[in-house]
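Asks: Test case, fold it:
(one chain, ligands or ions: 1)
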Amino acid sequence: MKEKWLEMYPYYLKDKTDGMVVPIHLNNPIVWKCQYKDFDTKFVECADKLFEQGAKLPNPLEIGKSKSTAPISINKPDNQPHNLKDNFMKNFLNWINPRVREVMNRWTYHPDLPFYIERSWFNEHNKTGETLEHTHGATPIVVSCYIRKDHEDMGNIMFRDPMFQTRAHEDNLQSHYPWRIIPVEQNDILIFPGWLEHKTEPSQAIGRRICLTLNYNFKSMGDKK
Ligand SMILES: [Fe+2]
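Replies: Next comes the predicted model:
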């Protein structure tokens, strides 16, 4: 039987401040979260249009019952969600960009370093669908938005603890397994660096789990265009 209790958030994250000792963090957290309340049917309709266009393009990271418009973002870069001129997308981008800036600030990047969206795409999982482990390469900032999740058993996101190889020397429960399950619900948004390995749990329920992902990159300092 799978030892789920070894992986589950927040089991391993014993950093509450209500004990007799308090935690001291040597780094800012790697993963950040916020929630957007306006992921409505317009986002789903936008995803459906792009899924039709990308139906025949392969994405080896997606297995089971799944769809992805990631290949479109390479083959037809104009047909990416973030390039839509509709208000629902503009409003969302205006809302998320200050939060991306806040994460950059918390990571201690220069406060004037300009950024832009380099690529964006939708993934969908139905029952059995999952995304295999991967990184986004040198992408400095990834934003994953859960625009629809019909059922809690449709799969959470899993991150591989980058301290695993080092802390494996500790011989305790958190050091025995590298993957951390972070629960995600509809409207949740996670912000993390592209080098961080991640994957999804396989969906175990009938219904739709649709994720919009944005890859942000930096411009040169002084280039505000
Ligand atoms: Fe990803």
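
Asks: Poorly predicted segments of this protein, please.
Replies: Along the chain, segments meeting pLDDT under 70 span 1-12, 224-225.

Asks: show me where it has strands.
Replies: Counting by DSSP state E, the chain has strands at residues 32-35, 62-63, 66-68, 115-125, 130-131, 141-149, 157-160, 179-182, 188-192, 198-200, 209-218.

Asks: Save those as CSV, and put in mean neighbour count and distance to Asn105 too.
Replies: Glycine gets a C-beta too; all of them are placed from N, C-alpha and C. Formatted as CSV, these follow (neighbours: other C-beta atoms under 10 Å; distance: least, C-beta to C-beta, whole Å):
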stretch, mean neighbour count, distance to Asn105
strand 32-35, 15, 11
strand 62-63, 16, 34
strand 66-68, 22, 32
strand 115-125, 21, 12
strand 130-131, 23, 29
strand 141-149, 23, 12
strand 157-160, 19, 22
strand 179-182, 19, 22
strand 188-192, 22, 12
strand 198-200, 21, 23
strand 209-218, 22, 14
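
Asks: Nearest to Gln80, out of those strands?
Replies: Taking C-beta to C-beta, strand 115-125 is the member of these nearest to Gln80, at 4.7 Å.

Asks: now the angle between strand 141-149 and that closest one, please.
Replies: 40 degrees (axes from the mean of the first three to the mean of the last three C-alpha atoms, to 10 degrees).

Asks: Start the count at 8 instead of 1 going forward.
Replies: In the new numbering, first residue 8, that becomes strand 122-132.

Asks: Provide the angle between the direction of strand 122-132 and the direction of strand 216-225.
Replies: With the same axes, to 10 degrees as the basis, strand 122-132 and strand 216-225 are set at 160 degrees to each other.

Asks: The chain: helices as residue ranges?
Replies: 48-60, 77-82, 94-113, 171-174 (DSSP state H).

Asks: quick one on the thing from earlier: reformat the strands of the chain as TSV; add distance to Val110.
Replies: Below are those laid out as TSV (distance: least, C-beta to C-beta, whole Å):
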stretch	distance to Val110
strand 39-42	5
strand 69-70	27
strand 73-75	25
strand 122-132	10
strand 137-138	22
strand 148-156	7
strand 164-167	15
strand 186-189	16
strand 195-199	5
strand 205-207	16
strand 216-225	10
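
Asks: that older thread, which of the helices of the chain sits closest to Thr138?
Replies: Closest approach to Thr138 among these (C-beta to C-beta): helix 77-82, 9.8 Å.

Asks: related to what we said a few turns ago, so which of the strands of the chain is nearest Lys97?
Replies: Comparing these by C-beta to C-beta, strand 122-132 comes nearest, at 12.3 Å.

Asks: Need the CA coordinates for the closest one. CSV is fine.
Replies: The C-alpha trace of strand 122-132 is given here as CSV (Å, rounded to 0.1, in the frame of the first residue of the first chain):
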residue,chain,number,x,y,z
PHE,A,122,9.1,40.6,-17.0
TYR,A,123,6.7,39.3,-19.6
ILE,A,124,4.7,36.1,-20.5
GLU,A,125,6.8,34.0,-22.8
ARG,A,126,4.3,31.1,-23.3
SER,A,127,0.9,29.9,-22.0
TRP,A,128,-1.2,26.9,-22.5
PHE,A,129,-4.1,24.8,-21.0
ASN,A,130,-4.0,21.2,-19.8
GLU,A,131,-7.0,19.1,-19.0
HIS,A,132,-7.3,15.9,-17.1
